[in-house]
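Asker: structure for this input, please:
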Amino acid sequence: MKRRTLPAATALVAAAALLLSACGSEDDKSGDNDKITGAESGSPTPKESTSPSGAPAEDKPDGVDVSLPADVNLVFDWDEPKNKNEAAAMADTANFFRAMFRGVDKGTTKDAGVVTYAVDGGLKYANTQINAYIDGGWTVTGTRRHYDVTTRSAANGTSVEVAFCADDTKFYGKEVKSGKVLKTDPSINDFGYFKIIMVKNPTGTDLWRASKVFVETKAAKCQ
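Answerer: Residues are numbered from 1 along each chain as shown. Next up is the predicted model:
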């Protein structure tokens, strides 16, 4: 069986069998509303440069380690936007996912990357995902592709919505103890559409954190 990230509510009742599709920690209420709601985030650490693909120039883009094991490959197949804030928010969206799956690999919600790149609802979402894998005795392996990204800024410049598709057809769960890879045949369950609300740290450094996570599961538009 292929294991996926799962919704917060489901994590409480699915100890024996995780959902196969990704789902957010909140209902998707963003719709076409032009207002993007931000949230406060904590103190940042100095930021280093990132590549146009959203990948960190080093394993420690904000002074924290977001590196992943050799068998976990998160591909961010998107181009950097011209808007500086949107480019930074998009890069740190990628770092948010790296940090979350590093937490899965390490078996902890306390990894420095998680608390650097997530706050409020985003932190709740990440912790739910990590804890579900820990409780099941699973980690991840394979390649997860993120693509068709769009960005949208709030008028005040303190929050950015980063929306994109994710393809899990080659991304699997793996039993920690046995090392057995849990596979299923590719299906609509492998595709999700994410909207991440990234908020800028108020101290003025170029660090962005995921404050809300919305996910559409079985996203046919991403196939």
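Asker: just checking, what packs against the one helix or strand residue 140 maps to?
Answerer: Using DSSP states H and E, residue 140 sits in strand 138-153. Packed against strand 138-153 by the contact rule (3 or more Cβ pairs under 8 Å, 6 or more residues apart in numbering; DSSP states H and E) you find strand 72-77, helix 84-106, strand 159-175, strand 181-182. Bear in mind the C-beta positions are built from the backbone N, C-alpha and C, glycine included.
Asker: deepest-packed of these, please.
Answerer: Burial of the helices and strands packed on strand 138-153 is given as mean neighbour count (mean count of other Cβ atoms under 10 Å); helix 84-106 ranks first at a mean of 24.
Asker: output that helix as PDB - backbone C-alpha positions only.
Answerer: Provided in PDB are the C-alpha atoms of helix 84-106 (Å, rounded to 0.1, in the frame of the first residue of the first chain):
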ATOM      1  CA  LYS A  84      10.700  39.400  -5.200                       C
ATOM      2  CA  ASN A  85       8.300  38.500  -2.300                       C
ATOM      3  CA  GLU A  86       6.500  35.800  -4.400                       C
ATOM      4  CA  ALA A  87       9.900  34.300  -5.400                       C
ATOM      5  CA  ALA A  88      11.000  34.200  -1.800                       C
ATOM      6  CA  ALA A  89       7.700  32.800  -0.600                       C
ATOM      7  CA  MET A  90       7.700  30.100  -3.300                       C
ATOM      8  CA  ALA A  91      11.300  29.100  -2.400                       C
ATOM      9  CA  ASP A  92      10.300  28.700   1.300                       C
ATOM     10  CA  THR A  93       7.200  26.800   0.300                       C
ATOM     11  CA  ALA A  94       9.700  24.200  -1.100                       C
ATOM     12  CA  ASN A  95      11.700  24.400   2.100                       C
ATOM     13  CA  PHE A  96       8.500  23.800   4.100                       C
ATOM     14  CA  PHE A  97       7.900  20.500   2.300                       C
ATOM     15  CA  ARG A  98      11.600  19.500   2.600                       C
ATOM     16  CA  ALA A  99      11.400  20.200   6.300                       C
ATOM     17  CA  MET A 100       8.200  18.300   6.800                       C
ATOM     18  CA  PHE A 101       9.500  15.200   5.000                       C
ATOM     19  CA  ARG A 102      12.800  15.500   6.900                       C
ATOM     20  CA  GLY A 103      10.700  15.400  10.000                       C
ATOM     21  CA  VAL A 104       9.100  12.200   8.700                       C
ATOM     22  CA  ASP A 105      12.500  10.700   8.000                       C
ATOM     23  CA  LYS A 106      13.900  11.700  11.400                       C
END
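Asker: relative to strand 159-175, how tilted is that helix?
Answerer: Helix 84-106 runs at 20 degrees relative to strand 159-175, counting by axes from the mean of the first three to the mean of the last three Cα atoms, to 10 degrees.
Asker: if we can go back for a sec, and of the helices and strands packed on strand 138-153, who's closest to residue 133?
Answerer: helix 84-106 (4.7 Å; Cβ to Cβ).
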